[in-house]
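Colleague: What would the 3D arrangement of this be:
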Amino acid sequence: MTEAGLDTTALQDVLVRELAARRQELVAIDPRLGAPADRLVAFVLDGGKRIRPRFLWLGWRAGQADADTGGTDGSGVLLLGAALELLQASALIHDDVIDRSDRRRGAPATHRALAADHADAGWVGDADHFGVSAAILLGDLALMWADDLFTAGALALGVVPQAAPVWAAMRTEVTAGQLLDLFTSTAATTDPAEQEADAMLVNRYKTAAYTVQRPLHLGAVAAGAPAETVHALLDFGSDIGVAFQLRDDELGVFGDPAVTGKPAGDDLVEGKRTVLLAVARAELAASPDRAAELEDLDRGVGSPAADVERLTAILTATSGPAQVERRISALVASGLGALDRTTPDGRPVVTVGVRSELEQLARRATARRA
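Modeller: Residues are numbered from 1 along each chain as shown. Below is the predicted model:
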């Protein structure tokens with residue numbers, strides 16, 4: 001199956017092959033490691049939209065002079081795509097531990113599943129602590145294997161010096177973004193402007209950089225793209241990545257659990273400080289007659305006993321959702337505008353065919369329902 005230029009079947013084949021080899025390494029150490037390894041392998045293989053490898057692939061295509069006629073062999077790029085999927089698995093497993101999430105992709109989160117394994121087996125000790133501990137280590141393994149696959153792909157393409165700084169930046173940015181998310185969720189400020197600024201900073205690093213911008217960047221440098229193309233892709237990736245996260249925030253409140261695989265209003269219970277929440281608070285704070293709604297919102301967000309229906313109704317009654325929709329539309333338009341740049345001699349920095357595929361993927365990523 002090929003979507004937005006990427007052969008997802010070929011990518012899946014690479015993941016199956018590489019994960020089987022790494023599972024065997026664990027089992028060779030001790031057969032008891034086979035069961036947790038299977039948890040990680042299943043998590044990587046059975047879910048996800050493969051959005052990061054898709055942007056990687058199009059970044060690589062954008063960097064090729066013959067992009068619109070098929071380009072060159074992409075087997076090394078598939079290894080880089082597999083590395084991105086393992087990086088994503090690591091981030092999600094750790095994120096679910098941090099957020100104490102119960103569900104992911106319609107199934108128990110990894111730490112919950114591992115805790116259930118402990119309880120079902122009748123092992124000694126605390127099942128929940130075991131689940132969290134094992135999940136952290138599996139997330140670490142996913143990150144290590146991601147590094148291995150990145151190195152293999154970059155070596156196959158002969159671009160280690162060019163690609164290594166991009167990979168390093170991406171790993172640092174996503175971890176820094178996660179730390180920022182943790183710190184900003186504990187901030188005592190009730191100033192909506194400060195909350196929005198913090199939310200946008202988290203969006204920029206936790207999501208935009210490693211979901212869209214750096215995968216495009218990695219693909220472009222792997223293809224030896226000229227500076228004009230790289231700069232256009234970075235600007236496009238920044239805007240589309242933030243729009244992607246704004247959509248994610250909207251789904252975290254209003255999404256259908258049957259589609260998203262997570263409980264409705266999960267972000268509200270977790271106390272996630274989003275742009276949606278900040279703009280809604282700003283509107284409520286400016287209206288003295290809505291003080292009770294603001295008080296209910298502030299009391300409920302981040303509380304395990306939150307009345308999700310009440311909080312959702314309060315947000316729905318503000319202009320917050322409409323404002324977020326307008327921002328998403330503006331970011332998509334701005335990002336697509338970056339792809340329309342030309343070189344000093346009048347050539348497009350991104351070929352017509354690749355631009356069309358990037359637009360298609362950007363619109364799908366920012367208009368999704370899951």
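Colleague: who's in contact with stretch 190-210?
Modeller: 52, 87, 91, 169-170, 173-174, 176-178, 180-181, 184, 187, 189, 237-238, 240-242, 244-246, 248, 273-275, 277-279, 281-282, 285, 298 (CB atoms under 8 Å, 6 or more residues apart in numbering). (Each C-beta comes from the backbone N, C-alpha and C, glycine too.)
Colleague: swap in stretch 15-31?
Modeller: Contacts for stretch 15-31 (CB under 8 Å, 6+ apart): 33-34, 37-38, 40-41, 44-45, 79, 82, 85, 141, 145, 148-149.
Colleague: Buried residues, that stretch. List them.
Modeller: Within stretch 15-31, the residues scored as buried using 16 or more other CB atoms under 10 Å are 15, 18, 19, 22, 23, 26.
Colleague: Low-confidence regions, this structure specifically.
Modeller: 1-4, 65-73, 188 (pLDDT under 70).
Colleague: max-length helix in it?
Modeller: Counting residues, the longest helix found in the chain (DSSP state H) is helix 127-157.
Colleague: rewinding a little: quick one: which of the contacts of stretch 190-210 sit in helices?
Modeller: 52, 87, 91, 169-170, 173-174, 176-178, 180-181, 184, 237-238, 240-242, 244-246, 248, 275, 277-279, 281-282, 285, 298.
Colleague: Just the buried ones out of those residues, please.
Modeller: Buried among the ones in helices among the contacts of stretch 190-210 by 16+ other CB under 10 Å: 52, 87, 91, 169-170, 173-174, 177-178, 180-181, 184, 237-238, 240-242, 244-246, 248, 275, 277-279, 281-282.
Colleague: before we move on, back to that, for the longest helix of the chain, name the packing helices and strands.
Modeller: Using 3 or more CB pairs under 8 Å, 6 or more residues apart in numbering; DSSP states H and E, the elements in contact with helix 127-157 are helix 8-29, helix 34-46, helix 75-99, helix 110-121, helix 160-185, helix 214-222.
Colleague: just the ones you listed: most buried one?
Modeller: helix 214-222 (a mean of 28; mean count of other CB atoms under 10 Å).
Colleague: Let me see the residues that make contact with it.
Modeller: So helix 214-222 is in contact with 52-53, 55-63, 76-77, 80, 84, 153-154, 157, 159, 162-163, 166-167, 169-170, 173, 229-230, 233-234, 236-237, going by CB under 8 Å, 6+ apart.
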